[in-house]
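> let's see this in three dimensions:
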Amino acid sequence: SVLRELVKLMPRDRYLYFGDSANAPYGSRTTQEVKALTLRAAERLMDRGLKALVIACNTATAAAITELRSLYPDVIVVGIEPALKVAADRFPGGRVGVLATPVTLREEKFAHQLERFASMEVCPIPVPGLVELVEAGRPAGEVEALLGPILTPYAQKLDTAVLGCTHYPFASAVISKILGPETVLLDGGPGTARETRRRLENAGLLWDGPGEVCIENSLNDPEILKRSRELLDAAH
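Predicted coordinates:
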């Protein structure tokens, strides 16, 4: 979901997308496990010669972004955060739901964000199991069966819902159906793409080529690679 925003904003650049489905979901792992997996993935990608590394996962950003920036000071490293600032700007004093993995919600980084936006009423909503359904390409009916009991208590009661995991935008139609049309859904993908473009532009590193997207996965399974491409293409 972050890659689609990057491609939308910078269609002429070259992208190498690495999905770690063999170890997904990160949101149910310990912070140390997530950090180790993220550093290992970054090392693998850095060996390919990168001008920028985008951590397109809220859980991985929370666990490893500081260390990654320390390890690779000469590379642009951009993380993703729940779109709480956007929610605060658009709904000052409003009631905001944050849908996220359990790890993201218990991270110190998230606690700091809550302090920054104390003027809002923030409802943390852990959504275990949704990442697995998205990864498996399960139909909307199964997604609704999972989310119904979790989200129904918040139906018609939120001004906005922040999608705090990069898998969740692919379930946005079901989430909106349960919460109701009055609840505005926000995710951090567009802001991450804008920040990446700004950093690349400032460094004179924007590419004006024909555009290219290479998708790889730790499972190296043709089905997961096909599904990744379909999710990306369906967004445009």
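> quick one: the residue most central in space within the chain and Thr192, what's the gap?
Nearest to the centroid of the C-alpha atoms of the chain, with distances taken as C-alpha atoms, centre = their mean, sits Thr166, at 2.5 Å. For Thr166, the distance to Thr192 under the criterion C-beta to C-beta, to the nearest Å works out to 9 Å. From N, CA and C alone the C-beta is placed, and that goes for glycine too.
> what is in contact with those two at once?
Here Thr166 and Thr192 share the contacting residues 2, 56, 80, scored by C-beta atoms under 8 Å, 6 or more residues apart in numbering.
> does Arg198 count as helix, strand or coil?
For Arg198, the secondary-structure state derived from DSSP: H, G, I helix; E, B strand; the rest coil is helix.
> tally of neighbours for it?
12 (other C-beta atoms under 10 Å).
> got the contact list for the residue nearest to Thr160 when sequence neighbours are not counted?
Take Thr160 and drop its neighbours on the chain: the residue closest to it by C-beta to C-beta, 6 or more residues apart in numbering is Val184, 4.4 Å away. The contact partners of Val184, by C-beta under 8 Å, 6+ apart, come to 90-91, 159-161.
> list just the nearest of the residues you listed to Leu133.
The closest of the contacts of Val184 to Leu133 turns out to be Ala161 (C-beta to C-beta; 17.7 Å).
> which residues are in contact with the strand or helix carrying that closest one?
Assigned by DSSP states H and E, Ala161 belongs to strand 160-163. Contact partners of strand 160-163, identified using C-beta under 8 Å, 6+ apart, comprise 82-84, 86-87, 90-91, 94, 96-99, 125, 154, 169, 172, 175, 179, 183-188.
> among those, which ones are in strands?
Residues of the contacts of strand 160-163 located in strands (DSSP state E): 96-99, 125, 184-187.
> regarding Val122, what is its secondary structure?
Secondary structure for Val122, judged by three-state DSSP, is strand.
> which residues sit in contact with it?
With C-beta under 8 Å, 6+ apart as the criterion, the residues that contact Val122 are 84, 96-98, 114.
> same check, this time on Glu121
If you count contacts by C-beta under 8 Å, 6+ apart, Glu121 has them with 94-96.
> in TSV, list those residues along with neighbour count and distance to Ala62.
Output for the contacts of Glu121, formatted as TSV (neighbours: other C-beta atoms under 10 Å; distance: C-beta to C-beta, whole Å):
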residue	neighbour count	distance to Ala62
Gly94	16	24
Arg95	17	23
Val96	25	18
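> just give me the closest of those to Gly129.
Looking across those and measuring by C-beta to C-beta, the closest to Gly129 is Val96, at 22.3 Å.
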